[in-house]
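Peer 1: Turn this into a model:
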Amino acid sequence: TETVEEPMDEEEATKEEKEESDDEAAVEEEEEEKKPKTKKESDDPMAYIHFTAEGEVTFKSILFVPTSAPRGLFDEYGSKKSDYIKLYVRRVFITDDFHDMMPKYLNFVKGVVDSDDLPLNVSRETLQQHKLLKVIRKKLVRKTLDMIKKIADEKYNDTFWKEFGTNIKLGVIEDHSNRTRLAKLLRFQSSHHPTDITSLDQYVERMKEKQDKIYFMAGSSRKEAESSPFVERLLKKGYEVIYLTEPVDEYCIQALPEFDGKRFQNVAKEGVKFDESEKTKESREATEKEFEPLLNWMKDKALKDKIEKAVVSQRLTESPCALVASQYGWSGNMERIMKAQAYQTGKDISTNYYASQKKTFEINPRHPLIKDM
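Peer 2: Reported below is the predicted structural model:
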């Protein structure tokens, strides 16, 4: 909990600003002395923040984001300590050997913490269990996310996201308490622009009237995602579709129940529906009745025991048919990812369950091949 400051006159404010400036300068000077003097490390940081925290524990800190990701950033991810946060107690260096001064997804952030409230003459192991360290960690995470949020859009999209975008996605998956803040930092490719990335805030701003879901399609590449039969009608009707092209992306979105009150819809799964007039609804129902014999034949004979059901599709415009996963099943992309992970299938009960779930077979009643049947 931070202290709430009372209003002060101009003279007091000037005095306090000078004291804070002196404190910050001292901390920055210490950090400069401790930083490795390689050319890479001597480059200006991408972003930095220095602050004094007060409340349950008082400490000074300076944190910064390097211009590029350290080598081997994800080697043994989470299994080894990060030595990028140096802890001082009363300006005496204590350690940089803590495993949890920062959550593992922020393992690229560097800085110094100096507190007078922590005990000085105790072992490092005892200090690591001190309850005030948890308070410090919570504050460091909040300040780090504030620092990242303030990076200018152009620099963020062109530099930060390329270097540390995967870290932000992992944070969404791992850090429940800061998930909403982290979601605002996410960037993805989308059908809105052929090359630029977009934030979820920007996507929501561009949503069509009465659109209540954020549409996304996952694939091994943008080309695969945007050429999928599942996005045909959405794109034709002018809906924006987010393209997930990294293995971690679908896990990331699954960890987000919603964004700004809008739920996510995987367009490769059941649940894609469009607003329709009464006339359109009557036409759809008539089409479903017309193709009912074919659908029953597919489910009960041609594809018996291979599909859950066969239905007339609302999403296909050019392709004759498609297999659609249930809301709680795996999409084709997720199946591909899981099968690529060695020794998964056949050893994990949940893996077998999701992989063996039957899918829905959707047909396009306007396609010549389906009409001929």
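Peer 1: CA only for contacts and neighbour counts going forward, please
Peer 2: OK.
Peer 1: and residue 251, how many residues sit next to it?
Peer 2: 15 (other Cα atoms under 10 Å).
Peer 1: I'd say it and residue 173 touch.
Peer 2: Yes - look at residue 251 against residue 173 with Cα atoms under 8 Å: they come within range, at 7.1 Å.
Peer 1: Would you state the strands of the stretch 1-150 of the chain in chain order?
Peer 2: Using DSSP state E, counting those that start in this stretch, the strands of the stretch 1-150 of the chain run over 47-53, 59-65, 85-89, 92-95, 110-115.
Peer 1: Parallel or antiparallel, which strands does the first one pair with?
Peer 2: Within its sheet, strand 47-53 is paired with strand 59-65 (antiparallel), according to DSSP bridges.
Peer 1: Go ahead and name everything in contact with the strand it pairs with.
Peer 2: Strand 59-65 has contacts (Cα atoms under 8 Å, 6 or more residues apart in numbering) with 23-24, 27-28, 31, 45-53, 108-117, 136, 144.
Peer 1: mind redoing it with 7 Å?
Peer 2: Residues outside strand 59-65 that contact it (Cα atoms under 7 Å, 6 or more residues apart in numbering): 27-28, 45-53, 108-116.
Peer 1: same deal with stretch 197-205?
Peer 2: 184, 186-190.
Peer 1: If you count neighbours, what's buried in that stretch?
Peer 2: 197-200, 203-204 (16 or more other Cα atoms under 10 Å).
Peer 1: out of the residues you listed, what pair is the most spread apart?
Peer 2: 197 and 204 (14.0 Å; Cα to Cα).
Peer 1: In strands, which of the buried residues of stretch 197-205 fall?
Peer 2: Applying DSSP state E to these, the entries found in strands are 197-198.
Peer 1: Would you reformat the buried residues of stretch 197-205 as CSV and include distance to residue 94 and pLDDT?
Peer 2: As requested, the buried residues of stretch 197-205 are exported to CSV (distance: Cα to Cα, whole Å; pLDDT from 0 to 100):
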residue, distance to residue 94, pLDDT
197, 42, 97
198, 42, 97
199, 40, 98
200, 41, 98
203, 46, 98
204, 47, 98
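Peer 1: Count the neighbours of residue 66 for me.
Peer 2: As a measure of burial, residue 66 has 21 neighbours, counting by other Cα under 10 Å.
Peer 1: roughly how far apart are it and residue 74?
Peer 2: 16 Å (Cα to Cα, to the nearest Å).
Peer 1: what's residue 322 in contact with, if anything?
Peer 2: Counted by Cα under 7 Å, 6+ apart, residue 322 has contacts 361-363.
Peer 1: Go again with 8 Å.
Peer 2: 229-230, 361-363.
Peer 1: Any chance of those residues in CSV with secondary structure and neighbour count as columns?
Peer 2: Converted to CSV, the contacts of residue 322 look like this (DSSP: H, G, I helix; E, B strand; the rest coil; neighbours: other Cα atoms under 10 Å):
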residue, secondary structure, neighbour count
229, helix, 21
230, helix, 26
361, strand, 22
362, strand, 20
363, strand, 25
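Peer 1: hmm, back to that, ok, so of the buried residues of stretch 197-205, who is nearest residue 177?
Peer 2: Set against residue 177, the nearest of the buried residues of stretch 197-205 by Cα to Cα is residue 200 (18.8 Å).
Peer 1: I figured residue 109 hits residue 66, correct?
Peer 2: Yes - counting by Cα under 8 Å, residue 109 does reach residue 66; the two are 7.3 Å apart.
Peer 1: so where does the closest residue to residue 315 other than its chain neighbours fall, helix or strand?
Peer 2: Distances taken as Cα to Cα, 6 or more residues apart in numbering put residue 233 closest to residue 315, at 5.1 Å, once the chain neighbours are dropped. Element membership for residue 233, per DSSP states H and E: helix 232-236.
Peer 1: for residue 274, same thing?
Peer 2: Using DSSP H and E, residue 274 sits within no helix or strand.
Peer 1: Would you check how far apart the closest residue to it other than its chain neighbours and residue 268 are?
Peer 2: Nearest non-adjacent residue to residue 274, counting by Cα to Cα, 6+ apart: residue 314, 8.0 Å away. Going from residue 314 to residue 268 by Cα to Cα gives 12 Å.
Peer 1: Comparing these two, which residue is more hemmed in?
Peer 2: Neighbours were counted for residue 314 and for residue 268 using other Cα under 10 Å; residue 268 has more, 26 against 17.
Peer 1: for the helix holding residue 233, packing partners?
Peer 2: Applying 3 or more Cα pairs under 8 Å, 6 or more residues apart in numbering; DSSP states H and E, one finds that helix 232-236 contacts no other helix or strand.
Peer 1: Please identify the buried residues of it?
Peer 2: Neighbour counts over helix 232-236 (16+ other Cα under 10 Å) mark 232-234 as buried.
Peer 1: With stretch 57-75 instead?
Peer 2: 57-69, 74.
Peer 1: now swap in stretch 240-260 and tell me
Peer 2: Neighbour counts over stretch 240-260 (16+ other Cα under 10 Å) mark 240-247, 249-250, 252-253, 255-256, 258-259 as buried.
Peer 1: Ends of it, what's the gap?
Peer 2: Terminal residues of stretch 240-260 are spaced 16 Å apart (Cα to Cα).
Peer 1: and if you look at stretch 214-226?
Peer 2: For stretch 214-226, the first-to-last residue distance is 16 Å (Cα to Cα).
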